[in-house]
Structure formats: C-alpha cells, structure tokens
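A.B. asks: Sharing a sequence plus its predicted fold:
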Amino acid sequence: MNPPVLSARGLTKDYPMNGEVVHALRGVSLEVGAGEYVAVAGPSGSGKSTLLQLIGGIDSPSAGVVEIMGTPLDSLSDGELTKLRLTRLGFIFQRFHLLPVLTARENVELPMAEAGVGRRDRQERAQELLGYVGLAHRAGHRATQLSGGEMQRVAIARALANRPALLLADEPTGELDAATGDEILALFQRLNADGTTLIVVTHDDRLAAHAGRVIHMLDGRIQSDNRLPSPGPPPLPRRPAAPL
Amino acid sequence: MEVNERLGEIATLRAIGISRRTIVQQVVVEGTVLTLIGTGLGIILGLGTARYLDSILTSFPGLPAAFSFFVPRRESLTLAGGVLLITGLLAGLYPAWLASRAPIAATLRAEAT
C-alpha cells in the first residue's frame, strides 16, 4: 500500500514573542492521501498557516513529525529538504511572490532550471503550463505587467513546474477580488480533478466549500475534520492534455 | 535594490526549493553586472570630463603645444576597474549569503504583515 502523501503526527510549534511563548500549534495530527483536496480553515491566529509551513518544510516543529511520501522531514539535511521542496512540493502564496524582473514564462521555468531541466524542455513545459492556467498569451509579459489574478495563475503554473506530489496554498484568494478569486477556485477544482493533491489554507468560505475535505482549526488545534459527501460543484471540463 | 529589500523574494525562492548556492550566485552575478556597467559608464564619463577640462586648461597662454594635464593610463584604468569590481563583488556576497540563511517562514510572515 502506498504511504499517504502527507502524514503529520503530534505537531506542536511554539514561538517566542515579546518575552512570552506563543503556542501556535498544540499537537496536530493528520494524514492526506493522494488526490485529496483539503481546505484548512479557521480564524487568524488559529495556527493554519503555521501548519502549512511545517508541512512544507519551511519551518520546523517544536515537537512532532511530518512525513512527505513516507520521508520524515526531520531526517533530511537542509540541502535534501530544499530538494524535496523543489521536486515534491508546490507552493502558492497569498502575495504571489513572482520575480518582477522575469517574464511569466521565466518565472515558471525557474524551479525547472534549478532541477536541471534542459532549456528547451523547460520552455516547452512552461508554455504548456501557462496554457493550462489560461495565460499562454501572456507568457512574454513581465510579472509587473500582469493583474493580480494573472500573477496568481502564473504562481500556480510555477508551483506545478516539477510535477509536485502535493500543492500547498496559503490564502491564495486573499489578495483577489471575488470574481478573480472564483477563477482561482475553478482552477483548483480542475487541478484536483486532474489528479493533483491540494492543501489550501483559507479564510474564504467559498474555497472551503469547494474542497472535498475541510479541517477547521482553533487555538492551534484541529477542531473538526470533515470529508464532504460531495466534492462541491462539478469541475470544469478537462482539457485534452493536462500537463500535470 | 539592496539585498535587505529582497528578503521576501529570497525567502520565496528558498521556499520553492531554490538552493542557497543558486541564490548567492544570482545576487553576485547581478551585483557584478551592475558594477561592470557602472565601471564602464564611470570610465567613459571620466575620460570625457578629463578631455573637456584639458581643453580649457591647455588653452591658457604660455603652455607648450603638446602639454596635457590629464593623460589616461591603461594601468590606472585597469587598477580602478579591478578595485571597483572586487568591491562590488564583496559588497554583494556577504549580504546575499546572510539573506540566503534567513529563516524562511519568519521572513514570509514578516513580509505578510
């Protein structure tokens, strides 16, 4: 039997702040299987972004273990962890964080260049991914010339570049208006329908309603973990060649 | 742009799996290119200014015809260019190395607030 994409056990995270200790996470455990679409919801300060950072290996827990595809992150050196983030995980941030001096296509190529993909292959794949997110016509535009929704779609294409096992998104609609946010939600649904495993941290009730599983957090703990009977509205029609 | 102003960008690159080495290389290459452009422009501007001042000063009466106040020498230009290049490299290398070691999650949190 394949291991779950993600297994987290007994995660705690404490931060020192102004001379006091903040307990951001207090013993969180969860497993996420391949193909799941999980929304992590909760009020500010509930620990959901911290959980995502621990899952993504960009912060380390005070206690507990995170395993990605059966690999415990605490067993990896910094270099190995960096490589795991590059090849197994895809990150999407609230503020997009594209490199402003690069074009949309170059931003998508970046993780592939780091992974050693040849120039021609990565240009082709970047173009393919930009087509998948509906931005093939904007490939040559610099990030600063794109709207917020377009930047987020480029960021999604960048996150998919190395065919990650798990896509992690932190408030991906937080900087977008409702209509543009809906486009991103539709894109997530299509990604999931095409086989991508997603964990999305959100305040956005609409986004949570589209996920197949909703985890509610409060005060650093999981308050509820519900698999929804229906995965929400039907996904958009699949495109002929999903480059995932 | 200073490396400090790019901490968020560097933290993002680290988060998506770009190695410290690549980040330091990138910052150093950018710094070197900027230094080279600055050095080239500086030398062109310096030579132009020297020629202009020379034309004023040598127009004073009583000076020999072949006299020049500013004579550009290859060794001096090479030395100045070399010093600028090394200074630019060192000025970029250390902050880039420090920035690449900044904690990713804390930097992204600070950027978001």
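C.D. replies: Received it, and whenever you're ready, just let me know what you need.

A.B. asks: hang on, A:Asp182 packs against A:Arg206?
C.D. replies: Yes - using CB atoms under 8 Å, A:Asp182 is in contact with A:Arg206, at 7.4 Å. Placement of C-beta: from N, CA and C, glycine included.

A.B. asks: who has more neighbours, those two?
C.D. replies: A:Asp182 (16 against 13; other CB atoms under 10 Å in any protein chain shown).

A.B. asks: element containing that one?
C.D. replies: Using DSSP states H and E, A:Asp182 sits within helix A:178-193.

A.B. asks: what's the offset of that helix from the middle of its chain?
C.D. replies: A distance of 13 Å separates the centroid of the chain from that of helix A:178-193, by CA atoms, centre = their mean, to the nearest Å.

A.B. asks: average pLDDT across that helix?
C.D. replies: Helix A:178-193 carries an average pLDDT of 90.

A.B. asks: what element comes up after that helix heading to the C-terminus?
C.D. replies: strand A:198-202.

A.B. asks: Which other helices and strands does that next one contact?
C.D. replies: strand A:37-41, helix A:48-55, strand A:166-170, helix A:178-193 (3 or more CB pairs under 8 Å, 6 or more residues apart in numbering or on different chains; DSSP states H and E).

A.B. asks: Check what contacts that strand and list those residues.
C.D. replies: A:6, A:32, A:36-41, A:48-49, A:51-52, A:55, A:166-174, A:188, A:191-192, A:207-208, A:211 (CB atoms under 8 Å, 6 or more residues apart in numbering or on different chains).

A.B. asks: and with 7 Å instead?
C.D. replies: A:32, A:37-41, A:48-49, A:52, A:55, A:166-172, A:188, A:191-192, A:207-208, A:211 (CB atoms under 7 Å, 6 or more residues apart in numbering or on different chains).

A.B. asks: How about stretch B:8-23?
C.D. replies: Against stretch B:8-23 from outside (CB under 7 Å, 6+ apart): A:56, A:58, A:79, A:82-83, A:85-86, A:91, A:93, A:97, A:99, A:111, A:114, B:96, B:99-102, B:104, B:107-108, B:111.

A.B. asks: Hmm, A:Leu160 is touching A:Leu130, no?
C.D. replies: No - checked against CB atoms under 7 Å, the pair A:Leu160 and A:Leu130 is beyond contact range at 10.4 Å.

A.B. asks: Which pLDDT value goes with whatever residue of chain A ends up closest to chain B?
C.D. replies: Chain B sits closest to A:Leu86 of chain A, with a gap of 2.6 Å, by CB to the nearest CB. Per-residue confidence (pLDDT) for A:Leu86: 97.

A.B. asks: Now for it: which residues touch it?
C.D. replies: By CB under 7 Å, 6+ apart, the neighbours of A:Leu86 are A:111, A:114-115, A:162, B:17.
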